[in-house]
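*Asks:* kindly generate the corresponding structure for this input.
(chains A, B, C and D)
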Protein chains: 2
Amino acid sequence: MNDSDADPHGLTIYDVARHAGVSIASVSRVLNNRNNPRPETKERVLRAVQELGFVPDGAARALSNRFKEIVGVVFRRALTGATDGGLFEDENESLLFEDVINRGIEVAARHRGFDLLMSSVPVSDRYPQPRISALAGKCDGLILHDQVLTAAEIQQVALRTPVVILAGTAIERGVNVRSDNATGMRALAQHLVVDHGYRTVAYLAGHADSPDNLARAEAFERAVDEVGAACWTGPVWQGNYMAAGGAAAIRAVFDSGHPLPRAIACANDQTAIGVMRALAERGVRVPAEVAVAGFDDIPVARHLHPPLTTIRQPIHQLGATAFDVLYSLVNGEPMTEPEIVLPTTLVVRESCGCPPESPAARTGRKG
Amino acid sequence: MNDSDADPHGLTIYDVARHAGVSIASVSRVLNNRNNPRPETKERVLRAVQELGFVPDGAARALSNRFKEIVGVVFRRALTGATDGGLFEDENESLLFEDVINRGIEVAARHRGFDLLMSSVPVSDRYPQPRISALAGKCDGLILHDQVLTAAEIQQVALRTPVVILAGTAIERGVNVRSDNATGMRALAQHLVVDHGYRTVAYLAGHADSPDNLARAEAFERAVDEVGAACWTGPVWQGNYMAAGGAAAIRAVFDSGHPLPRAIACANDQTAIGVMRALAERGVRVPAEVAVAGFDDIPVARHLHPPLTTIRQPIHQLGATAFDVLYSLVNGEPMTEPEIVLPTTLVVRESCGCPPESPAARTGRKG
DNA sequence: GCGCTCCCAGTAAGCGCTTACCGCAATAAG
DNA sequence: CTTATTGCGGTAAGCGCTTACTGGGAGCGC
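*Replies:* Here you go, the predicted model:
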């Protein structure tokens, strides 16, 4: 309480050493749980640390042992940096999917003492590489969500730092973690066409250049085709992974005077939200007149009206896996496989036309 | 392409200097936009940086100039770190409110070249201070969401690092950023009791020790009282800011055989979600039989059924403000005010009993 | 034409840690 | 009692940057 209760910023391992009457090496060893120091010394150091409220500086530590224990996470953000309430009202929901992934990353990261350095890239930013490089300088490795960089840019970044990509395309020096789009979409096609008997279905696409979107579209169209129904496609059925995109597509269909299909499979849940809203606007009943399904199973999906039938990705695990892979990369372990695929499952709720679960079943309690 | 296309990890300012035929000082100066180097030198350096793909190490930089350009953000997480899909299904929605704040922080941070080091604390973690201290070592300052640390713990952390608290209580060495709970709640009380004429209303509380909750409860009760209606309180009307808490409270009221009030003001939107779900389970119509209102105006609020009447906080700005304040603290500017209060507004939708907006009005297009 | 100033660029110190290396004391072995 | 062995703890080098200090060359005034 007397000798060095100095200014907050200048409190170093030297202060602790002096306070405890040992050398800085001993302090460091205690702090890093080396077995050298004998119990008595250890306790003295710990007491000093406690009394001074010492916290070792992460930068110095990193500089010295090559580990920052920080993983960078980059994702696209729908809206620009406007800070007033009006602009991003509608699309702010898009935070859902990425954020669940990020939570998964975080949980896994903490097991290893890593923290997450988050950085989002506004869609308006056409040339995000400099920012991402700067980020790379602050962390041990990078996890990139889809739509952040082009494959070529990723390659370049991966040259200098370990990289894991989420739902992108496999690249040379990085690992791609994604979920099994095809299986999920096949199950959905089966459910809509065979179980429900819908003869006309459409796939409302996500970003045209998203690998996930491509895989979903292809698998769905093929599966629908195989069971003998027609899958509508074309420029009208193009969304952008966001609610507004889904709504706009539906409105365009209406305005064009074309009929609606009996069921719409959306590229993701966000899109389905927009679709359902637009259908409600025009007085179309879901699922009685048009059935709707999503992809992702984001948390809100079950609260929609009607509850959304969707394909569940193990979103949380997607993130956790991405981190685990990156961690081994950071530790210099060799890359075993360029791509890791996680399973998906069809989650049937009501928007496809299935009957509601009973409340009893839902709460899992008495009748 | 020849001399030092060495291993990715060992690529330092020395390599760049050699490649460009200058000294490391010049490289550093160019990289930091000092005006010293003349154009020709500058260009030589930049070319070398480009060719080598050099990215300066953040740790070394931080060590040398005292700025990590990283701000730590800590928030409570509803669920534990289980990585399987089953456990956190229901409450994962709780990510909404905090994440919008975090986005606000991030946007503001990027204007200053800062990145966000995110760290969530599971509710199960009763003693998170060590983790937070470790985090403090990796950043220039900390933004703490509510419910992360006790006031005493915050005081202690604030001793060693600049701290801004979100929706907490003002402390000695940190700044508290919150929104104007009282004004919002008064407007809501007015709307429910005076405009709609509901005579019995309840406040379904959030965490008992949350300053926000306390302020909301008090303001609401007083305002309801002033306009001559009865505000129900008591242990049954205790939630926990989460959907499950709201639902549980409603079920408890049912099971106890007590009547329901005509309107329920919930501590936040999450709680309102749970309440509406529980009411629906029991066949109670909202708003015809019981009106429901929330607080926050999280993005999902408008997609609920019925759309939720709620009090909008400038969530995004809350975060942005928190960062701006922290930034000035980090730069050694003196603390001007211990607390910053942002305005709230009542957002009337349908769950309070108001008529739906027309679709035309909603899309802002033709009739 | 010589010295003064100014601008640019290089040298080196130091940020706060970790850790290799070394010395010393205590213990074990002969 | 002497020597080999072990283990604790101190000294100092160095991680990759930034920057104060310094030196050298060019331009200026007298």
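
*Asks:* ranges for the strands of the stretch 101-250 of chain A?
*Replies:* A:115-122, A:141-144, A:163-166, A:175-179, A:200-204, A:230-232 (DSSP state E, counting those that start in this stretch).

*Asks:* now for these, which one comes closest to DNA strand D?
*Replies:* DNA strand D sits nearest to strand A:141-144 of all the strands of the stretch 101-250 of chain A, at 16.3 Å, using CB to the nearest atom of the strand. C-betas here are computed from N, CA, C, even on glycine.

*Asks:* packing partners of the closest one?
*Replies:* Contact partners of strand A:141-144 among helices and strands, from 3 or more CB pairs under 8 Å, 6 or more residues apart in numbering or on different chains; DSSP states H and E: strand A:70-77, helix A:129-137, strand A:163-166, helix A:315-330.

*Asks:* want to throw these into TSV with mean neighbour count?
*Replies:* As requested, the helices and strands packed on strand A:141-144 are exported to TSV (neighbours: other CB atoms under 10 Å in any protein chain shown):
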stretch	mean neighbour count
strand A:70-77	24
helix A:129-137	18
strand A:163-166	26
helix A:315-330	23
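
*Asks:* so for residue A:265, which of the ones you listed sits nearest?
*Replies:* Smallest distance to residue A:265 across the helices and strands packed on strand A:141-144 (CB to CB): 18.7 Å, for helix A:315-330.

*Asks:* buried ones in the very next helix or strand once past that closest one?
*Replies:* Next helix or strand after helix A:315-330 toward the C-terminus (DSSP states H and E): strand A:339-342. Buried residues in strand A:339-342, counting neighbours by 16 or more other CB atoms under 10 Å in any protein chain shown, are found at residue A:340.

*Asks:* do a quick rundown of the helices in chain A.
*Replies:* A:13-20, A:24-31, A:39-52, A:58-65, A:95-111, A:129-137, A:151-158, A:181-189, A:211-226, A:243-256, A:269-281, A:315-330, A:359-363 (DSSP state H).

*Asks:* who in chain A is up against DNA strand D?
*Replies:* Proximity of chain A to DNA strand D, by CB under 7 Å from any atom of the strand, involves residues A:22-26, A:35-38, A:40-41, A:60, A:63-64.

*Asks:* and for stretch A:243-252, what's in contact with it?
*Replies:* Stretch A:243-252 has contacts (CB atoms under 8 Å, 6 or more residues apart in numbering or on different chains) with A:90-91, A:93-94, A:204, A:236-239, A:266, A:270-275, A:277-279, A:282.

*Asks:* now swap in stretch A:322-337 and tell me
*Replies:* So stretch A:322-337 is contacted by A:67, A:71, A:101, A:104-105, A:108-109, A:112, A:114, A:140-143, A:162-164, A:166, A:173, A:175, A:177, A:340 (CB under 8 Å, 6+ apart).

*Asks:* hmm, 6 Å instead?
*Replies:* Residues from elsewhere that reach stretch A:322-337, judged by CB atoms under 6 Å, 6 or more residues apart in numbering or on different chains: A:105, A:108, A:109, A:112, A:140, A:141, A:143, A:162, A:164, A:166, A:175, A:177.

*Asks:* and that stretch, end to end?
*Replies:* Taking CA to CA, to the nearest Å, the first and last residues of stretch A:322-337 lie 13 Å apart.

*Asks:* same check, this time on stretch A:138-149
*Replies:* 18 Å.

*Asks:* how about the residues of the stretch 51-200 of chain A by DNA strand C?
*Replies:* Residues of the stretch 51-200 of chain A lying near DNA strand C (CB under 7 Å from any atom of the strand): A:54, A:56, A:57, A:60, A:61, A:63, A:64, A:65.

*Asks:* if you set the cut-off to 6 Å instead, what comes out?
*Replies:* A:56, A:57, A:60, A:61, A:63, A:64, A:65 (CB under 6 Å from any atom of the strand).

*Asks:* type out the PyMOL command that picks the buried ones from those.
*Replies:* Provided next is the PyMOL selection string for whichever of those are buried by 16+ other CB under 10 Å:
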select buried, chain A and resi 56+57+60+61+63
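
*Asks:* any chance of the residues of the stretch 51-200 of chain A next to DNA strand C in TSV, plus pLDDT?
*Replies:* Listed next are those as TSV, based on pLDDT from 0 to 100:
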residue	pLDDT
A:56	94
A:57	94
A:60	95
A:61	94
A:63	94
A:64	93
A:65	89
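
*Asks:* from the residues of the stretch 51-200 of chain A next to DNA strand C, which is closest to residue B:50?
*Replies:* Distances from residue B:50 to those, taken as CB to CB, are shortest for residue A:63 (24.9 Å).

*Asks:* near chain B at all, stretch A:343-357?
*Replies:* No. Under the criterion of CB under 6 Å from any CB of the partner chain, stretch A:343-357 makes no contact with chain B; the nearest approach is 9.2 Å.

*Asks:* would you format the helices and strands packed on strand A:141-144 as a markdown table with mean pLDDT included?
*Replies:* Converted to a markdown table, those look like this (pLDDT from 0 to 100):
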| stretch | mean pLDDT |
| --- | --- |
| strand A:70-77 | 90 |
| helix A:129-137 | 91 |
| strand A:163-166 | 95 |
| helix A:315-330 | 95 |
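
*Asks:* now, the most widely separated pair of the residues of chain A next to DNA strand D?
*Replies:* A:40 and A:63 (30.9 Å).

*Asks:* so who does the residue nearest to residue A:320 when sequence neighbours are not counted touch?
*Replies:* Once flanking residues are discounted, residue A:320 sits nearest to residue A:108: 4.0 Å by CB to CB, 6 or more residues apart in numbering or on different chains. Contacts here follow CB under 6 Å, 6+ apart; on that basis residue A:108 touches A:320, A:323, A:324.

*Asks:* now do 7 Å
*Replies:* Residues near residue A:108 by CB atoms under 7 Å, 6 or more residues apart in numbering or on different chains: A:319, A:320, A:323, A:324.

*Asks:* quick one: mean pLDDT over stretch A:244-256.
*Replies:* Averaged across stretch A:244-256, the pLDDT comes to 93.

*Asks:* that stretch: how far from the chain's middle?
*Replies:* Remark: stretch A:244-256 is offset 27 Å from the chain centroid, using CA atoms, centre = their mean, to the nearest Å.

*Asks:* now do the buried residues in that stretch.
*Replies:* For stretch A:244-256, using 16+ other CB under 10 Å, the buried residues are A:244, A:245, A:246, A:247, A:248, A:249, A:250, A:251, A:253, A:254.

*Asks:* before we move on, the earlier item: now, of the residues of chain A next to DNA strand D, which are buried?
*Replies:* By neighbour count, with 16+ other CB under 10 Å, those hold A:22, A:26, A:37, A:41, A:60, A:63 as buried.

*Asks:* skipping its backbone neighbours, what lies nearest the second one in space?
*Replies:* The spatially closest residue to residue A:26, leaving aside those adjacent along the chain, is residue A:37, at 5.5 Å (CB to CB, 6+ apart).

*Asks:* ok, the one you found - contacts?
*Replies:* Taking CB under 7 Å, 6+ apart as the criterion, residue A:37 is in contact with A:26, A:29, A:30.

*Asks:* and those residues, which is closest to residue B:157?
*Replies:* residue A:30 (21.6 Å).

*Asks:* number of residues surrounding that closest one?
*Replies:* Around residue A:30 there are 22 other residues, counting by other CB atoms under 10 Å in any protein chain shown.

*Asks:* ok, now residue A:200?
*Replies:* By other CB under 10 Å, 17 other residues sit near residue A:200.

*Asks:* alpha carbons of stretch A:52-70, as CSV, please.
*Replies:* Extracted in CSV, the C-alpha atoms of stretch A:52-70 (Å, rounded to 0.1, in the frame of the first residue of the first chain):
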residue,chain,number,x,y,z
LEU,A,52,-0.6,-4.1,-6.6
GLY,A,53,-3.4,-5.3,-8.9
PHE,A,54,-0.9,-6.1,-11.5
VAL,A,55,-2.0,-7.2,-14.9
PRO,A,56,0.6,-8.3,-17.4
ASP,A,57,0.7,-6.4,-20.7
GLY,A,58,-0.6,-8.5,-23.5
ALA,A,59,1.4,-6.7,-26.1
ALA,A,60,4.7,-7.3,-24.4
ARG,A,61,3.8,-10.9,-23.8
ALA,A,62,2.9,-11.4,-27.3
LEU,A,63,6.0,-9.8,-28.6
SER,A,64,8.1,-12.1,-26.5
ASN,A,65,6.4,-15.4,-27.0
ARG,A,66,4.8,-15.1,-30.4
PHE,A,67,1.3,-15.6,-29.2
LYS,A,68,-1.2,-12.9,-28.9
GLU,A,69,-3.9,-15.3,-28.0
ILE,A,70,-6.2,-13.4,-30.2
